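K.L.:
Make a model of this:
(chains A, B and C)
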Amino acid sequence: MDVERNLMKIAADLLAHYDVHARRLPWRAPPGVNAADPYRVWLSEVMLQQTTVAAVGPYFAKFTERWPTVEALAAAEDADVMAAWAGLGYYARARNLLACARAVANDHGGVFPDTEGGLRSLPGVGAYTAAAVAAIAFGRRAVVVDANVERVVARLFAIDTPLPAARPAIRVAANGITPDARAGDFAQAMMDLGATICTPRNPACGICPLRSDCAALLTADPAAFPVKAAKKAKPHRLGHSWWIERPDGRVWLVRRPAKGLLGGMRALPSSDWSAAPDATPPLAADWTSLAEPVAHVFTHFSLALTVHVAHVAEDSMPPEEGEWWPLAQIGEAGLPTLFRRAADAAMKERDVHVH
DNA sequence: TAACCGTGGAT
DNA sequence: TATCCAAGGTT
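P.N.:
This is a model prediction of the structure:
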């Protein structure tokens, strides 16, 4: 069979399947509506970077209700956006989200660029997101390659070069099956397929709309694609955080530096995180340490965080910059998950002593 | 280029 | 319990 014709068949088969089985997602235009809102497409794509659909759902609802347009988001306070993002992870995304919204509002008249190149120049918009927004929101033909597409394409063509070295070949193959029309639907169909059928483990090849086109299905183990390089072991690190509570029911919170881990987020005052962290408290007080450290796993290391608790006088003021945050509103402080769990542990320990 | 950057669910 | 993994971008 003619090779080009066979490649066209892949897109046709996939789009026919998508027309029946597309997932209904809040950021997708309803069936029959062609134009998705670029703001919502962009917002969803940024939230979905390395993040599951299930995790994004409530955050997308919260953001679009509070900031319905890019102009509204551009006018938001930094602290409000960072707090609203708390718990979703990869906080550089939130910082870039605001920078991008302000760039669109201030430099582009509140209208998103409608080309891949224009989108690519925005903060936090890389090759994938630019292609996805251009295709989904603006109907451009763009080659959209995320981890789902990498997996589906590696299997379709049985590409056995290990990632990341296989990326150029995967991109070429993805370009070869991307249709001129409905490139946005095609991209979303590929991602739906990767998320629901062509899954990393135990793919449902028996119900796959592309099973007649798949080279990996002819091998002993289709799930072996894509081949990946071995991962490095995560080092274990230690750390200390200090819970400083006043008799009026407030706790001392600081803000972490703008860049780096948990950058720009509210936090408990903390040591460095290393093999031998500096355990010197930020102020002299009668400290008690929680027996059980908070265990937390980051992308490239795991952490055992010892939480120290002190009750200090009303006029006490720690040396570094920060704010006395009311305990009754601790949920609105926007603490990232590590510190939310440390706060939970400290408050639970306090309740044990009170009762 | 490869390291850095979160979190939670699935297995 | 340990490991893998997710609609990646930045430096």
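K.L.:
so what's the residue of chain A found nearest DNA strand B up against?
P.N.:
With distances taken as C-beta to the nearest atom of the strand, chain A approaches DNA strand B most closely at residue A:89, which sits 2.7 Å away. Any C-beta I mention is one placed from the backbone N, CA and C, and that applies to glycine too. Residues near residue A:89 by C-beta atoms under 8 Å, 6 or more residues apart in numbering: A:50, A:51, A:336, A:337.
K.L.:
Over to residue A:141?
P.N.:
Applying C-beta under 8 Å, 6+ apart, we find residue A:141 in contact with A:135, A:178, A:179, A:180, A:183.
K.L.:
6 Å instead, please
P.N.:
A:180, A:183 (C-beta atoms under 6 Å, 6 or more residues apart in numbering).
K.L.:
So which bits of chain A are right by DNA strand C?
P.N.:
When proximity is defined by C-beta under 7 Å from any atom of the strand, chain A lies next to DNA strand C at A:23, A:25, A:27-28, A:44-45, A:48-53, A:90, A:92, A:96, A:123-130, A:132, A:146-148, A:151, A:188, A:191-192, A:194-195, A:200, A:228, A:231, A:297, A:299.
K.L.:
Now the buried members of those.
P.N.:
A:27-28, A:44-45, A:48, A:53, A:96, A:124-125, A:128-130, A:132, A:146, A:148, A:151, A:188, A:191-192, A:194 (16 or more other C-beta atoms under 10 Å).
K.L.:
Cross those against strands and list the overlap.
P.N.:
Among those, no member is found in strands (DSSP state E).
K.L.:
Tell me if I am right that residue A:241 is in a helix.
P.N.:
No: Residue A:241 is assigned strand when assessed by DSSP: H, G, I helix; E, B strand; the rest coil, not a helix.
K.L.:
so what's it bridging to?
P.N.:
As for beta bridges, residue A:241 partners with residue A:270, residue A:307 under DSSP bridges.
K.L.:
quick one: pLDDT of it?
P.N.:
Per-residue pLDDT puts residue A:241 at 98.
K.L.:
quick one: contacts for it?
P.N.:
Neighbour list for residue A:241: A:268, A:270, A:305, A:307, A:342 [criterion: C-beta under 6 Å, 6+ apart].
K.L.:
So the third one: helix, strand or coil?
P.N.:
Spelled out, that is residue A:305. Recorded secondary structure, residue A:305: strand (three-state DSSP).
K.L.:
Would you check that my belief about it contacting residue A:238 is correct?
P.N.:
No: applying C-beta atoms under 6 Å as the test, residue A:305 and residue A:238 come out as separate, 7.9 Å apart.
K.L.:
neighbour count winner among these two?
P.N.:
The neighbour comparison of residue A:305 against residue A:238 (other C-beta atoms under 10 Å) goes to residue A:305, with 24 against 17.
K.L.:
And the strands in chain A?
P.N.:
Under the criterion DSSP E, strands of chain A are mapped to A:236-245, A:250-255, A:266-267, A:288-289, A:294-297, A:302-311, A:323-326.
K.L.:
Break down chain A into its helices, ranges please.
P.N.:
When secondary structure is read from DSSP state H, chain A shows helices at A:3-21, A:38-47, A:53-66, A:70-74, A:78-85, A:92-107, A:116-120, A:127-138, A:147-156, A:167-177, A:183-196, A:337-354.
K.L.:
and those as a markdown table, adding distance to residue A:32?
P.N.:
Putting those into a markdown table (distance: least, C-beta to C-beta, whole Å) gives the following:
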| stretch | distance to residue A:32 |
| --- | --- |
| helix A:3-21 | 11 |
| helix A:38-47 | 17 |
| helix A:53-66 | 21 |
| helix A:70-74 | 25 |
| helix A:78-85 | 32 |
| helix A:92-107 | 28 |
| helix A:116-120 | 26 |
| helix A:127-138 | 16 |
| helix A:147-156 | 25 |
| helix A:167-177 | 26 |
| helix A:183-196 | 13 |
| helix A:337-354 | 39 |
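K.L.:
of all these, which lies closest to residue A:245?
P.N.:
Evaluated with C-beta to C-beta, the helices of chain A place helix A:337-354 nearest to residue A:245, the distance being 7.3 Å.
K.L.:
so what does that closest one touch, helix or strand wise?
P.N.:
With contacts defined as 3 or more C-beta pairs under 6 Å, 6 or more residues apart in numbering; DSSP states H and E, the secondary structure elements packing on helix A:337-354 are strand A:294-297, strand A:302-311.
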